[in-house]
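Asks: Mind folding the following:
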Amino acid sequence: VQLQASGGGLVQAGGSLRLSCAPSGRSFSGYDMGWFRQAPGKEREFVAAISWGGLSTYYTDSVKGRFTVSRDSSKSTVHLQMNSLKSEDTAVYYCAAGARATTIMNRYKYWGQGTQVTVSS
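Replies: Residues are numbered from 1 along each chain as shown. Here you go, the predicted model:
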């Protein structure tokens, strides 16, 4: 595993969680990072992405205004702050590293193992 995702859990609707994605065993210096999620019985979908420098961020429409993607000062760890969570946000969340921040899943070369987020209504 080269990316370690953490921070998932069970939360009530309207609550918040903060996911983190940290490198494990190698550096991802210069890589853009993305977050994807996969709900049971559904395809994996794009959630958010951030450029290496942190100046550019991208979100899928359903999370705009509720989720914030960021990088720490060392740029090695990426966070996904999730507020006002809804039951439809329930999924396994994956972080990924790629050359360019994009919504396209197969453009990301490295993937984390996923962390479960469950939102109860």
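Asks: Quick one: the strands in this protein, in order.
Replies: Secondary structure of the chain, counting by DSSP state E: strands at 3-6, 9-12, 17-23, 32-38, 45-50, 57-59, 67-71, 78-82, 91-98, 108-111, 115-120.
Asks: Kindly present those strands as TSV, with separate columns for mean neighbour count and mean pLDDT.
Replies: Yep, even glycine has a C-beta here, placed from its N, CA and C like the rest. As requested, the strands of the chain are arranged in TSV below (neighbours: other Cβ atoms under 10 Å; pLDDT from 0 to 100):
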stretch	mean neighbour count	mean pLDDT
strand 3-6	20	96
strand 9-12	13	98
strand 17-23	20	97
strand 32-38	24	98
strand 45-50	22	98
strand 57-59	17	97
strand 67-71	19	97
strand 78-82	24	98
strand 91-98	23	97
strand 108-111	18	95
strand 115-120	17	98
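Asks: Let's check: the centremost residue of the protein is which one?
Replies: Trp35 (2.8 Å; Cα atoms, centre = their mean).
Asks: Beta-bridge partners for the residue nearest to Ala91 when sequence neighbours are not counted, please?
Replies: Leaving aside its sequence neighbours, Ala91 sits nearest to Arg37 (Cβ to Cβ, 6 or more residues apart in numbering; 3.8 Å). Using DSSP bridges, the bridge partners assigned to Arg37 are Glu45, Tyr93.
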